[in-house]
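> predicted model follows, preceded by the sequence.
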Amino acid sequence: MTEGRYSRQEMILGWDQKKWGSMSAVVIGDDLLGQQVLENLVATGLGDILFIGEKKNSAEKKGYYPNTSRDSMSDSAVDFLKKVNPEIKIDFLDWPLRRKSLEIFLEKADLLFETTNDPQTKGMLCAYAKEKRKILIYGSAEKYRGALASGKNQEYISEMQELQGSQGIIPSMIIGGMMVEEARKSCMPYAAEESKTLKTLFWYNLFSKERFEKQNDFHATVQLSGKSIVSVGAGALATPCLTALLLEGADDIHIIDYDIPSTSNLSRQIFYYDAQGRPKALVLSEKLGVIRPKAKIRALNAKLVEEKEEGYECITPEQIKGLSPELIVSCLDNFEARLILNKMGMPLVHGGTSFRSAKSSLSIPGKTLCPDCLFGFSLFAAEEKKRDSCDAVPEPSIISTSKICAALMAGEAVLYLSGAGEHINGYIAYDVFEASRAQVIKKTNICNHTEKEK
């Protein structure tokens, strides 16, 4: 079953799976941000990981890993992720994070990740990393904001002190994915032109009009209960995006997909580790149902088509409209299917990734540009029409960019479904090769390629 697990990563110029698999890392902090860093490391096959947290605070911590007989979310995370990737070594250590003795467990690590909201722990880790010349990436998150920096830049610790309270799933996914990417850049850059480790403090803020600024520009009361969501696709984007929406309160979801998991999916789609040969839509609905048992999550094992086709269980745009969704979440890698959704004239969150980048947009007919106008779907549809499975994608993505994209999508979905009104006419772009890492690309015009929202 493990054959081909890393085949997508190994296609990337500059990726060295043998080197990555021989490295060791310590993740300090076991709340949502630490869990997201851990998940990225496990899925990509980093060889030896120590996850350190404090069980005395376990009641305050959230997560989405299935409960086990263990007594904390940290134990549950480790138990689950060991099943996701049995090839790597992963352990949890319950230890006071402010104690100087913590350094004993850091000596042999190649990579250090500090993920708490505690400036004292951050300061201690930065001083240690500087003295020992260790690669350290530190980050923090609250409900809808998060930030990260390189351990070489200790001056940002004081600014991050305002990130307090419970860590939210959306910023934790974004910052967690980026922290792993920043560490990877320090030891295994993809190409000579790749921008090196961050020189400044990076912010994500759902309540900023620019999304990547510290200060709030508006506030939204998040209320997703009773909002009908249809996800078309159940792969590397849908898995984390729908998980995030569930944790934010979504409880009415249809999942449409006709694919089954392959071995090469396992490094990006963690819920399918035990589901080879079963329909993705069905498996994902079951796994999400464990996270939130009272939610209505329904699976449709069907292919999206404009008109019925022979040989497949199919679903048409009219049938999707019959589900009365308030928002469609496009988690597709098929441009022909993306165009079908584009023509439906319904509110749509779209995402797409490569190994180095992610783009996300919210399309509101009559108010924004459609995804085809933004990204040129029509130009790619003919080439993609021949493809039946994401295994044929010539430029693969990895879990880090997939999760960053999925969380960006979830954030825009939260704002739309909550009626915040602060929507971007354009798209959000992340690129690991760019010095700023992420930006909002705004447009001033709208298009008439879809029906106006009624």
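Okay, I see it.

> give me the number of residues near Glu210?
Counted with other CB atoms under 10 Å, residues neighbouring Glu210 total 15. No exception for glycine: its C-beta is placed from N, CA and C like everyone else's.

> contacting residues around stretch 146-160?
33, 112, 114, 119, 122-123, 125-127, 129-130, 134-141, 163, 167-168, 171-172, 174-175, 178-179, 182, 197-204, 214 (CB atoms under 8 Å, 6 or more residues apart in numbering).

> can you give me the buried ones in it?
Buried residues in stretch 146-160, defined by neighbour count with 16 or more other CB atoms under 10 Å: Gly146, Ala147, Leu148, Ala149, Ser150, Gly151, Gln154, Tyr156, Ile157, Met160.

> and for stretch 188-204?
Pro189, Tyr190, Thr197, Leu198, Leu201, Phe202, Trp203, Tyr204.

> double-check that the third one belongs to a strand.
No - according to DSSP: H, G, I helix; E, B strand; the rest coil, the state of Thr197 is coil, so it is not within a strand.

> could I get the pLDDT score of the spatially most central residue of the chain?
Nearest to the geometric centre of the chain sits Lys403, at 1.7 Å (CA atoms, centre = their mean). Each residue has a pLDDT score; the one for Lys403 is 98.

> distance of it from Asp79?
To Asp79, Lys403 is 21 Å away according to CB to CB, to the nearest Å.

> tell me which of the buried residues of stretch 146-160 fall in strands.
Secondary-structure check on those using DSSP state E: residues within strands are Gly146, Ala147, Leu148, Ala149, Ser150.

> how about those in a markdown table, adding pLDDT?
Shown next, in a markdown table, are these (pLDDT from 0 to 100):
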| residue | pLDDT |
| --- | --- |
| Gly146 | 98 |
| Ala147 | 98 |
| Leu148 | 98 |
| Ala149 | 96 |
| Ser150 | 91 |
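
> dump these into JSON lines; add distance to Leu237 as well.
Formatted as JSON lines, the entries for these read as follows, by distance: CB to CB, whole Å:
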{"residue": "Gly146", "distance to Leu237": "19"}
{"residue": "Ala147", "distance to Leu237": "24"}
{"residue": "Leu148", "distance to Leu237": "22"}
{"residue": "Ala149", "distance to Leu237": "27"}
{"residue": "Ser150", "distance to Leu237": "28"}
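
> picking up where we left off before, okay, who's weakest in the buried residues of stretch 188-204 by pLDDT?
Within the buried residues of stretch 188-204, Thr197 has the lowest pLDDT, namely 77.

> what are the ranges of the helices in the stretch 201-350 of the chain?
Listed in chain order, the helices of the stretch 201-350 of the chain (DSSP state H, counting those that start in this stretch) span 238-247, 280-291, 317-321, 335-342.

> now do the shortest one, average pLDDT.
Same thing as helix 317-321. Here the mean pLDDT over helix 317-321 is 95, rounded to a whole number.

> the strands in the stretch 51-200 of the chain, which residues?
Secondary structure of the stretch 51-200 of the chain by DSSP state E, counting those that start in this stretch: the strands cover 89-94, 111-114, 135-141, 145-150.

> dump those into TSV; add distance to Gln439 as well.
Below are those laid out as TSV (distance: least, CB to CB, whole Å):
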stretch	distance to Gln439
strand 89-94	35
strand 111-114	25
strand 135-141	19
strand 145-150	16
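
> those strands: which one's closest to Ile441?
Between Ile441 and the strands of the stretch 51-200 of the chain, the shortest separation by CB to CB is 21.0 Å, and it involves strand 145-150.

> give the residue spans of the stretch 1-150 of the chain that score low on pLDDT.
Counting by pLDDT under 70, the stretch 1-150 of the chain contains low-confidence ranges at 1-3, 57-61, 67-71.

> test my guess that Gly63 contacts Val78.
No - with the criterion set as CB atoms under 8 Å, Gly63 and Val78 do not qualify as a contacting pair; they are 11.2 Å apart.

> Lys214 against Asn205, yeah?
Yes - the pair Lys214 / Asn205 is scored as a contact, 6.4 Å apart, by CB under 8 Å.

> which one of the two has more residues nearby?
Asn205 (21 against 15).

> how close does the nearest residue to Asn265 once chain neighbours are set aside get to His219?
With sequence-adjacent residues excluded and distances taken as CB to CB, 6 or more residues apart in numbering, Asn265 is closest to Tyr272, at 5.8 Å. Remark: distance between Tyr272 and His219 (CB to CB) = 37 Å.

> also Ala141?
Distance check for Ala141 against His219: by CB to CB, it reads 18 Å.

> who's more crowded, these two?
Summary of the neighbour comparison: Ala141 and His219, criterion other CB under 10 Å, with Ala141 having more neighbours (32 against 10).
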